[in-house]
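# Give me a model of this one.
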Amino acid sequence: MNETVKLVARRELTERIHERSFLISTGITLAIVVVVLVLPALLGFGGPNEYTVAAGDAQSRAVVERAGQIAQEFDAKVTLGSDNPDATVVGGEIRADDEPDDELVSILQVAAQPQTAPPLRVITTEPVDPDRDAKAGLAFFTILILYGQLLTYGFWVATGVVEEKSSRVIEILLATIRPRDLLAGKVIGLGLLGLGQLLIVSLFGLVVAAATGALDVDGELIGAVALSLGWFVLGYAFYASAYAVAGALVPRQEEIQSSTTPLTMLILISLFIGFAVNDDPDGTLAHVTAFIPPVAPVTMPSRIILGAAPAWEIAASAALMIATTLALIPFAGRIYAAVVLRTGSAVKLREALALARAQK
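Numbering: from 1, shown residues only. Here you go, the predicted structure:
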């Protein structure tokens, strides 16, 4: 990194870090971390209150039917059925792929008391993770914060470009600085600010989790959090370059919303896909989106936290993301250099592409 890029990056970093909005957003995020880690049930991560339970024999059927009768006392509903059941009662056991919800187990245990002498044993196919609910809450929060960070810092890149254009400061800057150095410094400076904010939030979250016992803070969890930070870097580099181009296409702040709408919609779509992947982190959608660069930065970190992403998939997804971003950055830089000094009316993307090709 040359001295010019460092100078621009330092300017962007110091200007934004003292803004009131940055300090407020950091404080709010830290407060949310406490809520997510300490009070997961408050955010609905305690499991559903409607359950489907299968029965393997006549005695078990009687247990499930009684569970349906008393479930209302637990503010829940239990239905006898064999279509994708949450658990199966058979031979004095509660069987499930994953650990069944505590509420469901309590209902079935109470229902079984008149039928069986010993309590029902809980048998799971997959190993039981005592931190399951807390990790699910953390994964959900990770999706939200990555969405917010990519949207916020990408938009800051675009607005910074437009501010310089509308005030004609860009003409003074480009008299002594090459366009690509100005763009690189702006993207790097804001990226370091975003990464620093995420690092503070992550460290705070790990300390709270360890102090309260909400999560078992071990090497695996720390590694997952570190990888999530890495995915922010990859996602930010991808989107920031595109947002810089969107900002360079328009001459006034009033027009920036329309030029950045496609990127904003792409991040919003990634958010909804991220929610779907979080519900089924090992499903087909999860595996497919790992190899879609605009979406992967939002979906992959939550899967890593939940332990649902195999190492080869993480590596392959990251490699594809890096390759795509390395191809996008110089392309975006050429477009930026070609149109950043254009004033008057907005530049259409097709015209910008033609101007960029002419610079070769």
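# So I123, which state does it fall into?
What DSSP: H, G, I helix; E, B strand; the rest coil gives for I123 is strand.
# For it, grab the count of nearby residues.
Neighbour count of I123, defined by other Cβ atoms under 10 Å: 14. Where C-beta positions appear, they are placed from N, C-alpha and C, glycine not excepted.
# With L151 instead?
Neighbour count of L151, defined by other Cβ under 10 Å: 19.
# and it, how far is that from F238?
L151 is 13 Å from F238, where distance means Cβ to Cβ, to the nearest Å.
# P301 against I145, yeah?
No - judged on Cβ atoms under 8 Å, P301 makes no contact with I145 at a distance of 9.5 Å.
# okay, these two: which has more neighbours?
It is P301, of P301 and I145, that has more neighbours when counted by other Cβ under 10 Å, with 27 against 21.
# separation between the more buried one and S202?
P301 sits 11 Å away from S202, going by Cβ to Cβ.
# One more: D86?
As judged by Cβ to Cβ, D86 and S202 stand 33 Å apart.
# again with D97
31 Å.
# Between those two, which is the more surrounded one?
Legend: neighbour count by other Cβ under 10 Å for D97 and S202, higher for S202 (18 against 12).
# Find the residues that touch each one of P301 and S202.
Shared contacts of P301 and S202, defined by Cβ atoms under 8 Å, 6 or more residues apart in numbering, comprise S228.
# for this protein, what are the low-confidence residue spans?
The chain contains residues with pLDDT under 70 at 1, 38-48, 114-117, 126-134, 214, 344, 359-360.
# quick one, longest strand in it?
With secondary structure taken from DSSP state E, the chain has its longest strand at strand 50-55.
# can you list contacts of that strand?
So strand 50-55 is contacted by 61, 63-64, 67, 71, 76-90, 101, 104, 107-108 (Cβ under 8 Å, 6+ apart).
# rerun that using 7 Å as the cut-off
With contact meaning Cβ atoms under 7 Å, 6 or more residues apart in numbering, strand 50-55 is reached by 61, 64, 67, 76-90, 104.
# repeat for stretch 90-110
Outside stretch 90-110, the residues touching it (Cβ under 7 Å, 6+ apart) are 47, 51, 55-57, 60, 63, 67, 70-71, 74, 76, 78, 86-89, 116, 118-126, 128, 132.
# Show me the strands in the protein, by range?
For the chain, the strands defined by DSSP E occupy 50-55, 77-80, 87-90, 93-96, 121-124.
# What about A290? Give its phi and psi, please.
phi -60, psi -20 (degrees, to the nearest 10).
# For PyMOL, write the select line for the buried members of the contacts of strand 50-55.
In PyMOL, this line selects whichever of these come out buried by 16 or more other Cβ atoms under 10 Å:
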select buried, resi 61+64+67+76+78+80+85+86+87+88+89+90+104
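# count of residues packed around R303?
27.
# can you pull the contacts of it?
With Cβ under 7 Å, 6+ apart, R303 has these contacts: V277, P281, A286, A309.
# Need the nearest residue in space to it, chain neighbours excluded.
Leaving aside its sequence neighbours, R303 sits nearest to A309 (Cβ to Cβ, 6 or more residues apart in numbering; 4.1 Å).
# That neighbour is in contact with P301, isn't it?
No - between A309 and P301 there is no contact, the gap being 9.1 Å when judged by Cβ atoms under 7 Å.
# residues touching P179, list them.
When contacts are counted by Cβ under 7 Å, 6+ apart, P179 is found next to Y336, A337, V340.
# in terms of contact, does G68 touch F74 like I think?
No - the criterion here is Cβ under 7 Å, and G68 misses it with F74 at 11.3 Å.
# between those two, which one's more packed in?
A direct count of neighbours by other Cβ under 10 Å for G68 and F74 places G68 higher, at 18 against 15.
# Identify the bridge partners of the residue nearest to the more buried one when sequence neighbours are not counted.
Distance criterion Cβ to Cβ, 6+ apart; nearest residue to G68, sequence neighbours excluded, is V78 at 4.6 Å. Counting by DSSP bridges, V78 forms beta bridges with Y51.
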